[in-house]
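Colleague: Turn this into a model:
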Amino acid sequence: MIKKVLVSQPKPASDKSPYYDIAARYGVDIVFRPFIKVEELPMKDFRQQKVNIPDYTAVVFTSRHAIDHFFRICKDIRYTVPETMRYFCSSETVALYIQKYVQYRKRKIHFGANNKLADLIPTFTKHQAENFLVPTSNVHSSDDVKDLLDSLGVKHTECVMYQTVSNKFTPDEPFDYDLMLFFSPAGIASLLESFPNFEQGERCIGCFGRATAKAVKDAGLRLDLEAPTAQASSITAALEDFIKQRNQ
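Modeller: Below is the predicted model:
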């Protein structure tokens, strides 16, 4: 029986989130509590990578954090990003977030029709002459991005622009969840850092993405729920199906 779910992400900004619908529909308690937090990368660490941003004509963004820290570093080094810069985004949500920093122009901002970077293969091929920069975290799983760009013969460079650190549980913090949902390998690492002797037992673990699923299994844990799949394209759809089955 699933009564209490931990979602290892920040609380949704909108009260129209599918999570709230699921909580009301099935009478479960859903708690939002990130296992990781994002911090600025010190400028000295950025400079040690010897990446000269003006050399690049396109940027690949896989998260809003990447966008925030790319433009933060540009500001810190007093570089004005030219209007000719192209942006390739992993989803429409990420693409729309760029409006926080630049005027949204569809011919300069690209995202996959199904919110997958692989959907942009024809667009990457069309703009193969561009020099791509891929902002990442110090703890990242951008192998999919690297493999995709390598397979297309696209010139690109990965650059760490922000750092992901563990958001540890405190000794007096409740840890009574029936199901925990993870979204990155760093979240699994943080779980084991907070609880070095963690024993899963009957507690269920779910995740989003192949890299996170691999991290769960590599840690010797049991993966009970996974998305995306052919049956559930989103983590909330997978969560609802799982609760239905467990709470019958």
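Colleague: where does the residue lying farthest from the centre of the chain sit relative to Thr164, distance-wise?
Modeller: Going by C-alpha atoms, centre = their mean, the residue of the chain most distant from its centre is Gln248, 31.9 Å out. Distance of Gln248 to Thr164, given as C-beta to C-beta, to the nearest Å: 38 Å. To be clear about C-beta, it is placed using only N, CA and C from the backbone, and glycine gets the same treatment.
Colleague: Could I get the contacting residues of Leu96?
Modeller: Tyr104 (C-beta atoms under 8 Å, 6 or more residues apart in numbering).
Colleague: you'd agree it is in a helix?
Modeller: Yes: secondary structure of Leu96 (DSSP: H, G, I helix; E, B strand; the rest coil): part of a helix.
Colleague: For His65, see how far away it is.
Modeller: In terms of C-beta to C-beta, Leu96 sits 15 Å off from His65.
Colleague: same question, Ala213
Modeller: From Ala213 to His65 the distance is 21 Å (C-beta to C-beta).
Colleague: cool, and Met161?
Modeller: Taking C-beta to C-beta, one finds Met161 at 9 Å from His65.
Colleague: which residues in the chain form strands?
Modeller: Under the criterion DSSP state E, strands of the chain are mapped to 4-7, 29-32, 36-40, 58-61, 86-89, 109-111, 132-137, 156-166, 179-182, 204-208, 225-227.
Colleague: Ok, which of those strands comes nearest Lys126?
Modeller: Lys126 sits nearest to strand 109-111 of all these, at 9.6 Å, using C-beta to C-beta.
Colleague: hmm, who's touching the closest one?
Modeller: Under C-beta under 8 Å, 6+ apart, the answer for strand 109-111 is 86-92, 94-95, 98, 119-120, 123.
Colleague: just the helices in this protein please.
Modeller: For the chain, the helices defined by DSSP state H occupy 18-26, 43-47, 64-76, 92-97, 121-126, 143-152, 185-194, 210-218, 235-246.
Colleague: per-residue confidence at Ser141?
Modeller: pLDDT for Ser141: 54.
Colleague: List the contacts of the residue nearest the centre of the chain.
Modeller: The structure's the chain has its C-alpha centroid closest to Ser63; by C-alpha atoms, centre = their mean the separation is 5.8 Å. By C-beta under 8 Å, 6+ apart, the contact list for Ser63 reads Ser90, Val94.
Colleague: Next, find the distance separating it from Asp45.
Modeller: From Ser63 to Asp45 the distance is 19 Å (C-beta to C-beta).
Colleague: Equivalent analysis for Asp76, please.
Modeller: 12 Å.
Colleague: which regions of this structure sit below the pLDDT cut-off?
Modeller: 140-143 (pLDDT under 70).
Colleague: Quick check: which of the strands of the chain is buried the most?
Modeller: strand 179-182 (a mean of 26; mean count of other C-beta atoms under 10 Å).
Colleague: What pairs with that strand, parallel or antiparallel?
Modeller: strand 4-7 (parallel), strand 204-208 (parallel) (DSSP bridges).
Colleague: can you put these in a markdown table and add distance to Tyr26?
Modeller: Formatted as a markdown table, the strands paired with strand 179-182 follow (distance: least, C-beta to C-beta, whole Å):
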| stretch | distance to Tyr26 |
| --- | --- |
| strand 4-7 | 10 |
| strand 204-208 | 14 |
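Colleague: Could you check these and tell me which one is nearest Thr170?
Modeller: Comparing the strands paired with strand 179-182 by C-beta to C-beta, strand 4-7 comes nearest, at 14.9 Å.
Colleague: before we move on, back to that, could you check how far the residue farthest from the centre of the chain is from Asp21?
Modeller: 19 Å.
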